[in-house]
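In: the following block contains a protein sequence and its predicted model.
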Amino acid sequence: MLPLDDTRAIEAARNEVLKWAEQRTAGRLPTAAWSHDSFDHLSGGRNCSAVRLTSDDIDIWGIRAEDPDKGVAGRIWTTEIAVASQAGGRGKFTLRLIVGSPEPTLAIEPHVPGVVLHLIRSPGLFAGNFRLTSKPVVIRSEDHARLFIEALLNPSRKLPIIALSVPSSSAAPETPLVDALTLAKASAGLALVAVVSSPVSWALTERFGKKLSVYEGAARVYLPGFTEDANPFGGHDLILPERLSSPGGPEAALTRLRWIAATGSVRRLQLGIDVLPFAPLKAQELKKKQLELGKIGATEQERLATSIQQIDLLEAGLQEAGRWQEEFSRLHAQAEERAETAESQLKAAGFRIQQLLTQIRTSGEAPDARVALPDDWSTFSDWCDDELAGRILLTPQARRGTKSALFDDVKLAARSLLWLANDFREAKIGGSDGSLRDRILEPGIVNAHTGADQFDFEWQGKTWSVEWHIKNGGNTHDPKRCLRIYYFWDDSSQQTVIASMPAHRRTGAT
């Protein structure tokens, strides 16, 4: 989006786009261009065209510029830009970069076109409530950390935030292991880049726990929709400092982060809604022109010429739609392959976990006998991720419940999860029906059917029936004394999934 001062900001944005486009074409753009009217400027491979559509409540100006690559023969870059205003709303700027090339693979380092950097400087661009910048933001104080956490958790945030932490041993306290300035310029408008200085990394750890924080030189991508109870293995990519410190590590990480920002924008934005392509705007203009020619009694030849333009445009649009369909089919196939690989690896990991547990029992030891239990709820979810990975999985709802828990015996809750991770899991894998009805874990703690408190739970695209819970005795729902761990068994991953804990869950029956 453009600044609130729509009229001047929109005019300034269109002028900046025209200056940028004129540098990439041959000769000067026609006079109509600088009046922000429709025009066609043909210059042998460096063509540039614009269209202007207006009505009572909307004004859309779109431009398409072609630019052959200076280093690779046959590679052509096409940039489509739209600057629009709507009555009662802020101005809108969208950009679409298309590349055509005979190359079998495209070996490039993603970078936004220079015009984006020009517009960020003046008149300025916004993504929701966030003002865009082409420089990294340095988080160097407690106040900065507080505002940064608010930005990470902001539900209206539309762009990923790439957080680059600084090692505590660094002689340059604001210089991460990745080139932050290059990354910020390359992904301006696609992602927000922040440098988290070592002294304030603790604020992220304190708020989100180690599994969702970033520190000691690591880099993390916080996607839009991030919450403090997010799954630490759920897509918020983390690059460990060991990889960044290895030979070639910073360069490889820079490329990876640039691609994450670039491909994320393609997946996140919808063509025709978030991004305005040029062809439909041009088709709309030709349709309007055809109607006007009919009203003024234009010759058949004039009307035929306009119809041919429309047909050519539609054919080009169909070809482009076909290419996009092929690309999305390819991306879908890749995603399916990754999902199948991940599922196979998960099953292999579960099998390996079971092997190791059997070896421990054979040696005469009890699994987890030496595991230290957490002392307070602030470290509980991290403890689960560290000690029970592959056996117990906390859903976001359960993570949120542990963050705000009032139950006063944290270690009792931890011992209950250890029972699910070992005795219960062993029974399920061994073919038990899994009820283990009224099994007493320890005095006063029982595994029981939920009865009238049974509920359905949405998890990973499926609806699960939560029929079992671990509970302590006593007829009380006082959150300080009442323990309830609601769970279900996922046979595909051979894990117990915790739907809710540690408080009693209110239902229609209670």
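Out: Right, received. Where do you want to start? This one's a predicted model, so the numbers in the text were calculated from it and none came from an experiment.

In: could you look up the SS state of residue 80?
Out: The local conformation at residue 80, judged by DSSP: H, G, I helix; E, B strand; the rest coil, is strand.

In: who's in contact with it?
Out: Residues near residue 80 by C-beta atoms under 8 Å, 6 or more residues apart in numbering: 62, 63, 64, 95, 96, 97, 98, 277, 278. Any C-beta I mention is one placed from the backbone N, CA and C, and that applies to glycine too.

In: what's the second one sitting at in phi/psi?
Out: Read it as residue 63. phi -140, psi 150 (degrees, to the nearest 10).

In: and it, how many neighbours?
Out: Using other C-beta atoms under 10 Å, residue 63 is surrounded by 26 other residues.

In: that one and residue 399, how far apart?
Out: Residue 63 sits at a distance of 47 Å from residue 399 (criterion: C-beta to C-beta, to the nearest Å).

In: got it, and residue 268?
Out: Residue 268 is 24 Å from residue 399, by C-beta to C-beta.

In: pick out whichever of those two has more residues nearby.
Out: residue 399 (24 against 14).

In: now that one. Nearest residue, chain neighbours left out?
Out: Excluding its sequence neighbours, the residue lying closest to residue 399 (C-beta to C-beta, 6 or more residues apart in numbering) is residue 229, at 3.7 Å.

In: contacts only, for the one you found.
Out: Residue 229 sits in contact with 381, 396, 397, 399, 400, 403, where contact means C-beta under 8 Å, 6+ apart.

In: same check on residue 368?
Out: Taking C-beta under 8 Å, 6+ apart, one finds 387, 418, 421, 422 in contact with residue 368.

In: avg pLDDT for the helix or strand hosting residue 115?
Out: Element membership for residue 115, per DSSP states H and E: helix 114-121. Helix 114-121 comes out with an average pLDDT of 96.

In: right, and the helix or strand after it?
Out: strand 126-127.

In: ok, and what's touching that next one?
Out: Under C-beta under 8 Å, 6+ apart, the answer for strand 126-127 is 1, 2, 3, 90, 132, 158, 159, 189.

In: ok, stretch 400-420 next?
Out: Contacts of stretch 400-420 (C-beta under 8 Å, 6+ apart): 227-229, 368, 371, 373-378, 380-381, 383-384, 388, 391-392, 394, 441-442, 445, 447, 470, 472, 479-483, 485, 487, 496, 498, 500-503.

In: buried subset of these?
Out: Buried subset of the contacts of stretch 400-420 (neighbour count, 16 or more other C-beta atoms under 10 Å): 228-229, 368, 373-374, 377, 380-381, 383-384, 388, 391-392, 394, 441, 445, 447, 470, 472, 479, 482-483, 485, 487, 496, 498, 500-503.

In: which ones among these lie within helices?
Out: Counting by DSSP state H, the part of the buried ones among the contacts of stretch 400-420 found in helices is 380, 381, 383, 384.

In: ok, the second one touching residue 394?
Out: Yes - with contact defined as C-beta atoms under 8 Å, residue 381 reaches residue 394; the gap is 5.9 Å.

In: before we move on, back to that, widest-spaced pair of the contacts of residue 229?
Out: Maximum pairwise distance in the contacts of residue 229, criterion C-beta to C-beta, is 11.9 Å, between 381 and 397.

In: what does the pLDDT read for residue 209?
Out: 83.

In: give me the buried positions along stretch 485-495.
Out: Here stretch 485-495 shows 485, 486, 487, 488, 489, 490, 493, 494, 495 as buried, counting by 16+ other C-beta under 10 Å.

In: what do you get for stretch 81-94?
Out: 81, 82, 83, 84, 85, 90, 91, 92, 93, 94.

In: could you measure from residue 471 over to residue 496?
Out: With C-beta to C-beta as the criterion, residue 471 and residue 496 are 16 Å apart.

In: repeat for residue 427
Out: 11 Å.

In: ok, residue 296 next?
Out: Residue 296 is 75 Å from residue 496, by C-beta to C-beta.

In: just the helices in this structure please.
Out: 6-22, 31-34, 114-121, 142-153, 180-186, 198-208, 241-244, 249-268, 278-296, 300-362, 380-387, 396-403, 410-419, 425-429.

In: rank those by mean pLDDT and give me the bottom one.
Out: When I compare these, helix 300-362 is least confident, with a mean of 66.

In: how about the spatially most central residue of the chain, nearest residue that isn't a chain neighbour?
Out: By C-alpha atoms, centre = their mean, the mean C-alpha position of the chain lies nearest to residue 223, the distance being 3.4 Å. Of all residues beyond its chain neighbours, the one nearest residue 223 is residue 160 (5.1 Å), with distances taken as C-beta to C-beta, 6+ apart.

In: number of residues surrounding that neighbour?
Out: Neighbours of residue 160 (other C-beta under 10 Å): 25.

In: and what of residue 265?
Out: Residue 265, neighbours per other C-beta under 10 Å, totals 23.

In: equivalent analysis for residue 18, please.
Out: Around residue 18 there are 21 residues (other C-beta under 10 Å).

In: does it touch residue 29 like I think?
Out: Yes - with contact defined as C-beta under 8 Å, residue 18 and residue 29 form a contacting pair (6.4 Å).

In: mutual contacts of the two, please.
Out: If you check residue 18 and residue 29 against C-beta under 8 Å, 6+ apart, no residue is contacted by both.

In: re earlier: which ones are touching the residue nearest to residue 223?
Out: Counted by C-beta under 8 Å, 6+ apart, residue 160 has contacts 191, 192, 221, 222, 223, 224, 260, 261, 264.

In: which among those count as buried?
Out: 191, 192, 221, 222, 223, 224, 260, 261, 264.

In: and the residue nearest to the centre of the chain, what does it touch?
Out: 160, 235, 236, 264.

In: next, give me the two most distant ones among those.
Out: Longest span within the contacts of residue 223, C-beta to C-beta: 236 and 264, 11.8 Å.

In: follow-up on the earlier one: out of the contacts of residue 368, which are buried?
Out: 387, 418, 421, 422.

In: nearest to residue 125 among those?
Out: residue 387 (45.8 Å).

In: that closest one: what's its closest spatial neighbour, skipping adjacent residues?
Out: Using C-beta to C-beta, 6+ apart, the nearest residue to residue 387 is residue 371, at 5.3 Å.

In: circling back: name the nearest of the buried residues of stretch 485-495 relative to residue 117.
Out: Nearest to residue 117 among the buried residues of stretch 485-495, with distances taken as C-beta to C-beta, is residue 493, at 45.2 Å.

In: what's the domain layout of the chain?
Out: Annotated domains of the chain cover 6-124, 134-268, 277-365, 377-500 [automatic domain parsing].
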